[in-house]
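In: here is my input; please provide its structure:
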Amino acid sequence: MLSFLVKYADDGRVTIPREIRSHLKLKGGTDLAMKVEDGNIVISKPEHRCFVCGSDKVIPFGEKYICEECKAELKKVFEDEHKDIQQ
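Out: Alright, predicted model coming up:
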């Protein structure tokens, strides 16, 4: 387990130590989840889930995430509903 003491800056920032960023393969712009649990601040990598079925095997879909199965089903529904436009 990696453990570090970090400073909370006056502007509200906390720097995640390089060793932790490397270990978790974090890059600038990576989404992180933050919560208060038992009086502690917990920062974690969020679990992205399909917004349709809840699967954890997902790909980005706009601002959300979707699994391949639901993406294919949505594509089929869209194509079926818009057949007249495609012809």
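In: all contacts plus neighbour counts: C-alpha atoms, from now on.
Out: Noted.
In: residue ranges with poor pLDDT in this protein?
Out: Counting by pLDDT under 70, the ranges of the chain that qualify are 84-87.
In: just the helices from it, written as ranges.
Out: Along the chain, counting by DSSP state H, helices occupy 18-23, 68-81, 83-86.
In: got the contact list for the longest one?
Out: The one in question is helix 68-81. Under the contact criterion C-alpha atoms under 8 Å, 6 or more residues apart in numbering, helix 68-81 has outside partners 52-53, 58-59.
In: mind running it again at 10 Å?
Out: Helix 68-81 is touched from outside by 50-53, 55, 57-59, 61, 65-66, 82, 85-86, with contacts defined as C-alpha atoms under 10 Å, 6 or more residues apart in numbering.
In: okay, those in JSON lines with neighbour count next?
Out: Below are those laid out as JSON lines (neighbours: other C-alpha atoms under 10 Å):
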{"residue": "50", "neighbour count": "21"}
{"residue": "51", "neighbour count": "15"}
{"residue": "52", "neighbour count": "13"}
{"residue": "53", "neighbour count": "11"}
{"residue": "55", "neighbour count": "16"}
{"residue": "57", "neighbour count": "13"}
{"residue": "58", "neighbour count": "19"}
{"residue": "59", "neighbour count": "15"}
{"residue": "61", "neighbour count": "12"}
{"residue": "65", "neighbour count": "20"}
{"residue": "66", "neighbour count": "23"}
{"residue": "82", "neighbour count": "11"}
{"residue": "85", "neighbour count": "7"}
{"residue": "86", "neighbour count": "7"}
